[in-house]
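In: coordinates for the following, if possible.
(2 chains)
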Amino acid sequence: MIHAVAPEVTYAASPPASGGPGLSERRRSTPSGLPPAGAKRTRKPAQRRKNLEILFFVSPALLLIAVFMLVPIIQAVRFSMYNWKGFGPLVDFVGFKNYVRVLGNEVFTDALVHNLVIIGGSIALQLPIGLGIALLLNRKMKIQSLLRTIIFVPYVLSEVIAGVVWFQLLQPQYGVFDTILSKLGIQGPAQGWLGTPELALWTVLAVLTWKYLGLAVILFLAGLQGVPSELYEAAEIDGASWWQIQRKITIPLLGPTLRTWGFLSMIGSLQLFDMVWILTGGGPANATTTMASFLVSEGTKRQNFGIAAAASVILFIVALVLAISYQQFILKRDSQPDDERTKRKKAKA
Amino acid sequence: MSATLATRPQHTPAQAKRAKKRDGRQGGNVLVYAIALAVVAITLGPVLYGVLGGFRTNAQLAENPAGLPEPWVLENYAGVLKNPDFWQYALNSTMIAVITTIVVVVFGIMAAYPLARYTFRLREPIFMVFVLGLLFPATVAIVPLFILITRDLDMGNTWWGVALPQAAFALPMTVVILRPFLMALPQELEEAAQLDGASRIGFFWRILLPLSGPGMVTVGVLAFVGSWNAYLLPLLLLQGDMRTLPLGVADYSSEHSADTAGVFAFTALAMIPALIFFLAMQKRIVNGLQGSVKG
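Out: Presented below is the predicted three-dimensional model:
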């Protein structure tokens, strides 16, 4: 309400810059004698002007989201109920049959499992390694910023470029990776790391770890800067060892950063497409298919738009369920007020 | 903290012990540097191998995959630089990323402004629209999006056809980052501006926009990175001369799979300009990502 009334005073004296509606307000408010009465009478136009301003500012973004996000999502739900090959009108209504077919398709259920393996594997690998590197780098070192930059390099490369380079490195026999291994006396798999169904998913996971470890390190390091140095000093005076300090002070205080990073990592793993498409195309024998690669190949290669749409709705529901459970069981700790956090918030304010 | 210890003249046994511990940690620095070196090697190894591979011939690569260029050949890189397709892809990538960035930054700051600094009934519900938007990745809507753009809007194979949906999917993150940023600008500024006769729109143009430069650069860089690296949407929407660099790299590597050195040169040239830009903007990217993590 303060906003609605306060400009009253200013418009009366405002330069013409304020535009059309401002003029009419001025005309109305100046003849009225007492300011409170004027304020009362002009509240409505001022309110309308404010609403117009809000509409003007917010609508471009909302329009873009409505056209390119909301409409396609509603369409996806609609398509998922029809047997549709991409031409002609939507007539062959099949209800939930597409969902039954997708969930009964072993390629899709395997894809879902692959996504879950990537989620678990990414966190299980990147959390300890990233945390270890961040803790090691979190000290006064001359080359710290250089190291941070270097670790960040794979993250800024596109998945496509990283994937193409790794695809060459991992070529069976004559790729550099197998060459180095054979010099060490280890024979790489005959079909190559990406060509052997039992190894392909783990190889993809390893490349993803290489690509995204830098993000984890950077975020953890940023979180570490937020741990007040007095705590370290106090612990050191109390005779705590380096390891004790990390375990009892640093890691607990880093909790919110770690948990939010885990959330981002999970959402990213659920959408995994680019790297798989470049490295294996989902093969060999669907060993690395993800939900996203499944729906893209159903939609674009086979023109099974109904099936692809049902798969995308399932992907969304899985993401939503995981996001809500993560929120409930893991992130909830951050929103619960405990002494440490309220104290820190007060210190910030 | 070492300064406070050093200024104390008398050394108690406990302090001596502590000093020893600090020395011990310094000894541990060798280990730290060793680990750091290993991390650097693993991180940069593949990238450097690709760049150096572009300076070798296919014969060299076949003979000794793990070797260095001997002699250095420039033909691969020269070949890519003379390839008009490469420049066309680079132009497409640049234009799409620039359009995406401009749309995201302009629409994002506009939407964030009333959501941060006006009080009105629908404020939180509208903000929730953006927060919920974070939950919808483009992947989920990709097939209908493809149909919408190619058939209904007739924007298939155009810069705008890729840039606008990319902007739409980047907007939620942008607004979520910018709103707290705008909220943090002190209320006194707005009051002072009003006293000086500025309208809310005048305040937006003359005070808020200049002050939110850093926030806009952050979201702009994030949008640019996202667009420059995007693969799925361009893959479905762009063909032939309209392809972007990631599509070009992927297609080149599958079409010229026998020419490994050429693939390395093409890939290296595709990543170098982006790499320089992103490393220069590193601080901004990190700030934006941190902002999203702190929530």
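
In: residue B:180 versus residue B:206, what's the distance?
Out: The gap separating residue B:206 from residue B:180 is 22 Å, by C-beta to C-beta, to the nearest Å. Every residue, glycine included, has its C-beta placed from N, CA and C.

In: try residue A:319
Out: 25 Å.

In: ok, now residue B:268?
Out: From residue B:268 to residue B:180 the distance is 39 Å (C-beta to C-beta).

In: shaky segments in chain B?
Out: B:1-28, B:288-295 (pLDDT under 70).

In: and residue A:154, how close does it get to chain B?
Out: 6 Å (C-beta to the nearest C-beta, to the nearest Å).

In: ok, now residue A:124?
Out: Relative to chain B, and taking C-beta to the nearest C-beta, residue A:124 is found at 18 Å.

In: now do residue A:86
Out: Distance, residue A:86 to chain B, using C-beta to the nearest C-beta: 7 Å.

In: that residue contacts residue B:146, correct?
Out: No. Counting by C-beta atoms under 8 Å, residue A:86 stays clear of residue B:146, with 9.7 Å between them.

In: with neighbour numbers in mind, choose between the two.
Out: residue B:146 (24 against 17; other C-beta atoms under 10 Å in any protein chain shown).

In: residue B:268 and residue B:180: which has the busier surroundings?
Out: residue B:268 (25 against 14).

In: now the more buried one: which helix or strand?
Out: helix B:260-280 (DSSP states H and E).

In: can you show me the CA trace of that helix as CSV?
Out: Written as CSV, here are the backbone C-alpha positions of helix B:260-280 (Å, rounded to 0.1, in the frame of the first residue of the first chain):
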residue,chain,number,x,y,z
THR,B,260,41.2,-38.5,-36.6
ALA,B,261,43.7,-35.7,-36.8
GLY,B,262,41.1,-33.6,-38.7
VAL,B,263,38.5,-34.3,-36.1
PHE,B,264,40.9,-33.2,-33.4
ALA,B,265,41.7,-30.0,-35.2
PHE,B,266,38.0,-29.2,-35.8
THR,B,267,37.1,-30.0,-32.2
ALA,B,268,40.0,-28.0,-30.8
LEU,B,269,39.1,-24.9,-32.9
ALA,B,270,35.5,-25.2,-31.9
MET,B,271,36.4,-25.2,-28.2
ILE,B,272,39.2,-22.6,-28.1
PRO,B,273,37.2,-19.3,-28.6
ALA,B,274,34.5,-20.5,-26.2
LEU,B,275,37.1,-21.6,-23.7
ILE,B,276,38.8,-18.2,-23.7
PHE,B,277,35.5,-16.4,-23.3
PHE,B,278,34.3,-18.7,-20.5
LEU,B,279,37.5,-18.6,-18.6
ALA,B,280,37.5,-14.8,-18.8
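
In: could you count how many residues lie near residue 167?
Out: All of this refers to chain A. Neighbours around residue A:167, by other C-beta under 10 Å: 21.

In: hmm, no, I was thinking of chain B.
Out: 28.

In: for the residue minimising distance to the centre of chain B, what are its contacts?
Out: Central residue of chain B (C-alpha atoms, centre = their mean): residue B:225, 3.2 Å from the mean position. Neighbouring residues of residue B:225 by C-beta atoms under 8 Å, 6 or more residues apart in numbering or on different chains: A:156, B:278, B:285.

In: how about these in a markdown table, adding neighbour count?
Out: Listed next are those as a markdown table, based on neighbours: other C-beta atoms under 10 Å in any protein chain shown:
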| residue | neighbour count |
| --- | --- |
| A:156 | 21 |
| B:278 | 22 |
| B:285 | 21 |
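
In: now render the residues you listed as CSV, adding distance to residue B:169.
Out: Compiled in CSV, these are given as follows (distance: C-beta to C-beta, whole Å):
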residue, distance to residue B:169
A:156, 20
B:278, 20
B:285, 18
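
In: hmm, the helix holding residue B:268 in reach of chain A?
Out: Yes. For helix B:260-280 and chain A, the contact criterion (C-beta under 8 Å from any C-beta of the partner chain) is met by B:260, B:263-264, B:267, B:270-271, B:274-275, B:278-279.

In: the residues you listed, buried ones only, as a ChimeraX selection?
Out: This is the ChimeraX syntax for the buried subset of the residues of helix B:260-280 next to chain A, where burial follows 16 or more other C-beta atoms under 10 Å in any protein chain shown:
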select /B:260,263,264,267,270,271,274,275,278
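
In: among the residues of helix B:260-280 next to chain A, which one sits closest to chain A?
Out: residue B:278 (3.9 Å; C-beta to the nearest C-beta).

In: measure that closest one to residue B:272 for me?
Out: Using C-beta to C-beta, residue B:278 is found at 11 Å from residue B:272.

In: again with residue A:158
Out: 13 Å.

In: and for residue A:327?
Out: Using C-beta to C-beta, residue A:327 is found at 40 Å from residue B:272.
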